[in-house]
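In: coords below, sequence missing:
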């Protein structure tokens, strides 16, 4: 499995990386949903990354983490795909996400799923999920992203 390590100096750079990453994701052809599993501490940049990713798909509304609703779906006007943003922070067990139709969403070839706190439902995720670990860098605004994937080059 390929692993890329990217250092960003601030939130804007994290979003720029996310936009570039999203352009690669748009090229993926799959029989099932494309799953992007995000993990890292609170404030490490997961939602910032999702915001940049969504912008690349033309989402203009302000994207916030769906912490209390768990899942939010976005229709993409220019693409046949749709985006699903999930936040597992408040889940006590992986089975809780199943009540929201998660298994059906995983089978939707037109879905791109971004999952914050994905480690909480790891057992439910496909083997080919793209994992991105977010860590704090040496300075307050710096972040380190470790991307593990077999589908795309970063």
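Out: Arrived safely, thanks for sending. It should be emphasised that the depicted structure is a prediction, and the values quoted were computed from it without experimental measurement.

In: what helices or strands is the helix or strand hosting residue 54 leaning on?
Out: Here residue 54 sits within helix 46-56, counting by DSSP states H and E. Applying 3 or more C-beta pairs under 8 Å, 6 or more residues apart in numbering; DSSP states H and E, we find helix 46-56 packed against helix 11-25, strand 34-40, strand 82-87, strand 111-116, strand 130-136. Glycine gets a C-beta too; all of them are placed from N, C-alpha and C.

In: Contacts only, for the closest residue to residue 97 other than its chain neighbours.
Out: Distances taken as C-beta to C-beta, 6 or more residues apart in numbering place residue 121 nearest to residue 97, at 5.5 Å, with adjacent residues excluded. Residues near residue 121 by C-beta atoms under 8 Å, 6 or more residues apart in numbering: 88, 91, 94, 97, 102, 115.

In: Identify the residues contacting stretch 81-90?
Out: Contacts of stretch 81-90 (C-beta under 8 Å, 6+ apart): 26, 33, 50, 54, 57, 59, 63, 65-68, 70-76, 97, 102, 105, 110-118, 120-121.

In: Just the buried residues of those.
Out: Neighbour-count burial (16 or more other C-beta atoms under 10 Å) applied to the contacts of stretch 81-90 gives 33, 50, 54, 57, 59, 63, 65-66, 70-71, 74, 76, 97, 102, 105, 111-118, 120-121.

In: what's the closest of the helices and strands packed on helix 46-56 to residue 148?
Out: strand 130-136 (4.5 Å; C-beta to C-beta).
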